[in-house]
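Engineer: Fold the following.
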Amino acid sequence: MSPMILIALILQICVTNVITGEYSEVVHNFKSIRKNVALSILVIDGDESNIDSSSLSSAEFVKVPNIEDLYIINILNSLDKNIFTSLHRLQHLKIEENELSYIGPAVWAGLDLEKLSLRNNQIEKLDNRAFDGLKASMIDLSNNKLRTLPNKCLQSLRLYKLTLANNQLEDIDLETFGPELAYADLSNNLLTSLDVEVFSGVYALLNLNLSGNKLTSIVAAPTLKKLKVLNYSHNQISVIAGNAFDSYNQLMELYLDHNQIFRLNHQSFPSIAPIKKFTIDHNYLTGLSDELLNALDNLAYLKFGGNPWSCKCLERVLEFIRSNKIGTDYCESKLIPQGHSCVNYYDKCYGNETKILSQNFEIYKNFIKHYEC
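Structural biologist: Modelled structure (predicted):
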């Protein structure tokens, strides 16, 4: 028997075991959970049942002490304290698409998880002690209704990844993030500003997503020296301070698209930053200085469309792309061949959109009327 056939046979056997319930089980009622010490995956799904939303009793989980993955879908509107204490081997706990609005104290006490997911609920409030007694590497609270986070409620968790996307957060407390946090997603909230001290105790952050907020400036955080990816797209940024990126000397991807930026200062970018991907499309830029382009000598991809470029400045950008063999979007790549009018080619890409941007740009003309490429 060939190795490939043997692997296929093993996979088929494993899948059959899961389907028949030897290692996993799908139930539609808490009371229908059967005692099974061998069970490793349990799905409690209320989608296809007539069960009313109710609290979940810890007594039911004593029957399945060895489950490693627990999924509870579309059935809960509350959680009792210490309900999961008997599940010592649990690694992944997903309570998604339920009607939870409040997480009380010590619900997860005693658990040592790889991931806790509470996404797609209706959570509006977390108790100050909501995560007391929990050890977890990743927490997903996305797609809820959180407006604030209690002081220090997440700081002691030593999280590696935290997802708070698509909530209604208006502010972040100074002591929210722990020192080991590497990935933070705060996208699509209502943040208008961030205090620089928010990241004062964070030293391991690699990826920070702040897109889709109402931020008007970029935080210069001196502790984020390991940051690789920074996303400020879809905000309301118009001016970038000269020291905005001073600390980010390992930054590889920077997203500034869909803002109101009318000028980029080369002094904002540390010369040793190895930025490889840079998006500045859909702003109010008319040009980029030679100093800035020279500071981006590691660039491999540049997205620059949807700006009211002056033809003279655009030609410099295109020459920079040509000579350094930098990647860009398909439509923008049509601008690169020499011997064509940049205006005609650009209109083909963005047409009326660019004209509208140019009209909006009039509010900034006093700031840049003497600006040279």
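Engineer: Please make it C-alpha for all contacts and neighbour counts, starting now.
Structural biologist: Noted.
Engineer: quick one: the strands in the stretch 1-150 of the chain?
Structural biologist: Counting by DSSP state E, counting those that start in this stretch, the stretch 1-150 of the chain has strands at residues 24-27, 41-45, 69-73, 92-96, 102-103, 112-117, 125-126, 135-140.
Engineer: which strands and helices sit next to the third one?
Structural biologist: In other words, strand 69-73. Contacts defined by 3 or more C-alpha pairs under 8 Å, 6 or more residues apart in numbering; DSSP states H and E place strand 69-73 against strand 41-45, strand 92-96.
Engineer: does residue 308 count as helix, strand or coil?
Structural biologist: Following DSSP: H, G, I helix; E, B strand; the rest coil, we place residue 308 in the coil state.
Engineer: Measure how buried it is and give me the count.
Structural biologist: For residue 308, the neighbour count with other C-alpha atoms under 10 Å is 24.
Engineer: isn't it right next to residue 263, touching?
Structural biologist: No. Judged on C-alpha atoms under 8 Å, residue 308 makes no contact with residue 263 at a distance of 11.8 Å.
Engineer: Confirm that residue 317 sits in a helix.
Structural biologist: Yes. Membership of residue 317 in a helix is supported by three-state DSSP.
Engineer: ok, and the closest non-adjacent residue to it?
Structural biologist: Closest residue to residue 317 apart from its sequence neighbours, by C-alpha to C-alpha, 6 or more residues apart in numbering: residue 288 at 7.1 Å.
Engineer: can you tell me how far the one you found sits from residue 310?
Structural biologist: Counting by C-alpha to C-alpha, to the nearest Å, the gap from residue 288 to residue 310 is 10 Å.
Engineer: Residue 266 too?
Structural biologist: The gap separating residue 266 from residue 310 is 19 Å, by C-alpha to C-alpha.
Engineer: List the contacts of stretch 229-246.
Structural biologist: Contact with stretch 229-246 is made by 206-220, 222, 251-265, 267-270, as judged by C-alpha atoms under 8 Å, 6 or more residues apart in numbering.
Engineer: Pull up the gap between residue 98 and residue 58, please.
Structural biologist: Taking C-alpha to C-alpha, one finds residue 98 at 18 Å from residue 58.
Engineer: So for the two, which sits in the more crowded spot?
Structural biologist: Neighbours per residue, other C-alpha under 10 Å: of residue 98 and residue 58, the larger number sits with residue 98, 21 against 17.
Engineer: Tell me where the model's unsure across the stretch 101-250 of the chain.
Structural biologist: By pLDDT under 70, the stretch 101-250 of the chain has no low-scoring segment.
Engineer: Just give the number of residues close to residue 326.
Structural biologist: For residue 326, the tally of surrounding residues (other C-alpha under 10 Å) stands at 18.
Engineer: Spatially, and excluding backbone neighbours, which residue is closest to it.
Structural biologist: residue 300 (4.9 Å).
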